[in-house]
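Asks: build me a model from this:
(one chain, ligands or ions: 3)
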Amino acid sequence: MGEKIIDPQTLEQSFDMFCDIANAFAPCMNDYLYVYNLTQDIYYISERAMSRFLLPDNVFHNVVDTLRTFTHPDDMDMLAEDLDLVISGKKDYHNLEYRWIGRDGSPIWINCKGRILRDSQGVPHIMMGCINEIGNKQKADNVSGLLGESSLHDNVLRLLPTLTDAMFLRIGIDDFKVVNERHGMEYGNFILREVANRIQHCASPQQQVYRIVSDEFMILDLSGADYAEMNRLYHRIRSSVDEIVATEQYKALYTISGGLVALKDVDTSESDYSRYSEIMKVSEFALTEAKLRGKNQLYYFRPEDYSAFLRKRYIRSCLRKSLSDDFRGFDLYFQPIVMANGEFLFAAEALLRYETPMGEKITPLEFIPILEESGMIIPVGRWILRNALEMCRRCREFHPEFMISINFSYIQLLKSPVYEDVMRALEEADLPPSCLIVELTESGRLESSATIQNVWQKLRAMGVNIALDDFGTGYSNLINIGNLRPNIVKIDRGFTAKALQNSYEYDLLLHVIKMVHSIGLNLVVEGIESRRDLMQITAMKPDYIQGYYYSKPCPGEEFLRKFHPSGSRTKM
Ligand code: C2E
Ligand code: MG
Ligand code: MG
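Replies: Ligands and ions are numbered 1, 2, ... in the order given. Next up, the predicted model:
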């Protein structure tokens, strides 16, 4: 084996001594030193590791179980297996790349190396070594000639205790990936170098420039500049980068975006290390926001935008969980649609409800756009279709002409085979196409593409009814009546409310109803809340009425109880 044998007593003494030495060296090194006393099951690591990793303490007992609390769960088996070999004396070196969990909960790749010292009987007694981070730890960058993220990290941590009004301007090259793909890595490197030079040239001596990831730079301003000055700096850099593009005779077209963060806007409640990682997180958010808003611009970080972003991310992850847990948390409510002449139940609109795994009820206005943006509306839409048709089938047992109205978002139409889905669901529920009303929400966002016209035509040809939802809002207008040829137009409750409040809008609604009837379509007025509303609106002779006056949307079982009559037509 060849390693030096140390007697147990010296080992015990060297353990304490090693801890002192490791502590003394810590400020001069980026790595973390550790000693693991295998016989006493005690682990010591440089104190500095406490601010980086989710360690309970820098000295702990019950080592393998404690390691479990801050080692990435996917890596724990591999680590435990290796430590088993060490402890049982089958191995003299430990050398593993795996992940610990950072203080902010994110995984951090480490390389843990250690050598095992045995006692005079050859029993493994102490493992000592060093842990270094292997992910994204660049001190300096040879392409741009700038310092790297690791230096930014060290400098910010050093400065934070005395900093109050620093600014962080994160700059990213827009569409850099495309430049690299079209013109090759070498030209990409040339651009990185040029942009780095221009940024440095525009920055003052009290503004430090770093290259933090592939096409992103950070300017740390220590001059006390305010927003206006940083905005001017960004624009100077932007013009300067435009000059490179022009000098290169527009060989590659790219712009730069900037995310500006004032230190005072970053959460200050945590330790310096968490503050640093918070700065990096919000500056990344700020730069992404500038790009989302159209690129080639500066976005100034506002905590309220970040809260909205975090809230959206939280809801998105709840929705994902629910989707993978057999749609737990989703529910369908039903609201009656009633015939205006005689107040008979005609149909029900299926309205989606959602409760997070933590029991928070979220409104459709908040979660439906998230389902749409993420594409989750497609599987959820199929779930809605199945469950709403099941409800229709049950209602038809006592009300044979009952119809079900289901909302479809434009994303579903663009991105999923709606016609096939609808036909399959009808077949499975053993229902005729005529029992279904497909409501198109936000139709104004639909371009009149041939695909959509085609889906519509096929659905109509099969006997499915088409309703244009939200009529009278920004999303739906006259053009859609021409393009989409619906059977039914649904007046948005915002329009109804205005018509109930002033005579101009009332006349407008009256003429809309006449116009819709004159081209042979039917019309639903939404948002009828009282007997008085009903009287005013029925005077205009719409075909159907929907609103809280008859019922708020309610769960399926409640709907069945409320509207279960004797006879084939339900008088309200
Ligand atoms: P919408 O399709 O226009 O649905 C009518 C909305 O008006 C429902 O809101 C309903 O609860 C509300 N409402 C009905 N009568 C009254 C009334 O008399 N007074 C008032 N103040 N409100 C009334 P909800 O359920 O919050 O849904 C909002 C929107 O979310 C829907 O508007 C629809 O665009 C969308 N949505 C709901 N469920 C689904 C779904 O399953 N799929 C899709 N794609 N969108 C859905
Ligand atoms: Mg609707
Ligand atoms: Mg509507």
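Asks: got a list of what residue 339 touches?
Replies: 345-346, 543-545 (CB atoms under 8 Å, 6 or more residues apart in numbering). All C-beta spots, glycine's among them, are computed from the backbone N, C-alpha and C.
Asks: swap the cut-off to 7 Å and go again
Replies: Contact analysis of residue 339 by CB atoms under 7 Å, 6 or more residues apart in numbering lists 346, 544.
Asks: buried residues, stretch 236-249. List them.
Replies: 237-238, 240-241, 244-245 (16 or more other CB atoms under 10 Å).
Asks: that stretch: how far from the chain's middle?
Replies: Mean-position distance between stretch 236-249 and its chain equals 34 Å (CA atoms, centre = their mean, to the nearest Å).
Asks: taking this structure, what residue is nearest to ligand 3?
Replies: Ranking the residues of the chain by distance to ligand 3 (CB to the ion) places residue 469 first, at 4.3 Å.
Asks: may I have the strand or helix carrying that residue exported as PDB, CA atoms only?
Replies: Assigned by DSSP states H and E, residue 469 belongs to strand 465-471. Provided in PDB are the C-alpha atoms of strand 465-471 (Å, rounded to 0.1, in the frame of the first residue of the first chain):
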ATOM      1  CA  ASN A 465     -71.600  23.900 -32.800                       C
ATOM      2  CA  ILE A 466     -69.100  26.700 -32.900                       C
ATOM      3  CA  ALA A 467     -69.300  29.700 -30.500                       C
ATOM      4  CA  LEU A 468     -67.300  32.900 -30.700                       C
ATOM      5  CA  ASP A 469     -66.600  33.700 -27.000                       C
ATOM      6  CA  ASP A 470     -65.700  37.100 -25.500                       C
ATOM      7  CA  PHE A 471     -67.600  39.100 -28.200                       C
END
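Asks: residue 498 versus residue 468, what's the distance?
Replies: 19 Å (CB to CB, to the nearest Å).
Asks: the two - which one has more neighbours?
Replies: residue 468 (26 against 16; other CB atoms under 10 Å).
Asks: secondary structure element holding the residue nearest to that one when sequence neighbours are not counted?
Replies: For residue 468, ignoring the flanking residues on the chain, the nearest one in space by CB to CB, 6 or more residues apart in numbering is residue 486 at 4.2 Å. For residue 486, there is no enclosing helix or strand under DSSP H and E.
Asks: what's the burial count for residue 486?
Replies: Using other CB under 10 Å, residue 486 has 26 other residues around it.
Asks: return the distance of it relative to ligand 2.
Replies: Residue 486 sits 12 Å away from ligand 2, taking CB to the ion, to the nearest Å as the criterion.
Asks: for that residue, what are its contacts?
Replies: Residue 486 is in contact with 466-468, 521, counting by CB under 7 Å, 6+ apart.
Asks: ok, now with 10 Å
Replies: Neighbouring residues of residue 486 by CB atoms under 10 Å, 6 or more residues apart in numbering: 437-440, 443, 456, 460, 465-469, 471, 476, 480, 516, 521-522.
Asks: same question, residue 427
Replies: Per CB under 10 Å, 6+ apart, neighbours of residue 427: residue 433.
Asks: that one in helix, strand or coil?
Replies: helix (DSSP: H, G, I helix; E, B strand; the rest coil).
Asks: tell me the spacing between it and residue 436.
Replies: Taking CB to CB as the measure, residue 427 falls 12 Å from residue 436.
Asks: what does the stretch 401-550 of the chain put close to ligand 3?
Replies: Proximity of the stretch 401-550 of the chain to ligand 3, by CB under 5 Å from the ion, involves residues 469, 490.
Asks: try 8 Å this time
Replies: By CB under 8 Å from the ion, the part of the stretch 401-550 of the chain that sits against ligand 3 consists of 407, 439, 441, 469-470, 490, 492-493, 526, 546.
Asks: what of the chain?
Replies: Residues of the chain lying near ligand 3 by CB under 8 Å from the ion: 349, 407, 439, 441, 469-470, 490, 492-493, 526, 546.
Asks: check the residues you listed one by one and keep those near ligand 1.
Replies: Taking CB under 6 Å from any ligand atom as the test, ligand 1 is in contact with 407, 439, 441, 469-470, 493, 526, 546 out of these.
Asks: closest residue of the stretch 1-150 of the chain to ligand 1?
Replies: Residue nearest to ligand 1 within the stretch 1-150 of the chain (CB to the nearest ligand atom): residue 105, separated by 33.1 Å.
Asks: who's in contact with the closest residue to that residue other than its chain neighbours?
Replies: In space, and not counting its chain neighbours, residue 105 is closest to residue 54: 7.5 Å by CB to CB, 6+ apart. With contacts defined as CB under 10 Å, 6+ apart, the neighbours of residue 54 are 69-71, 100-106, 108.
Asks: for these, which one is nearest ligand 2?
Replies: For the contacts of residue 54, with ligand 2 as the reference and CB to the ion as the criterion, the closest is residue 105, at 39.5 Å.
Asks: make sure the closest one is indeed in a strand.
Replies: No: membership of residue 105 in a strand is not supported by three-state DSSP, which gives coil.
Asks: next up, phi/psi of it, please.
Replies: Main-chain torsions, residue 105, degrees, to the nearest 10: phi 90, psi 0.
Asks: do residue 368 as well
Replies: For residue 368, the backbone dihedrals are phi -60, psi -50 (criterion: degrees, to the nearest 10).
Asks: then residue 361?
Replies: Note on residue 361: backbone dihedrals following degrees, to the nearest 10 are phi -80, psi 130.
Asks: contact partners for it?
Replies: Residue 361 sits in contact with 329, 331, 353-355, 367, where contact means CB under 10 Å, 6+ apart.
Asks: do the same with residue 99
Replies: Contacts of residue 99 by CB under 10 Å, 6+ apart are 70-76, 79, 106-110, 134-135.
Asks: so how many other residues sit close to the residue of the stretch 1-150 of the chain closest to ligand 1?
Replies: That count, for residue 105 with other CB under 10 Å as the rule, works out to 8.
Asks: and what of residue 67?
Replies: 18.
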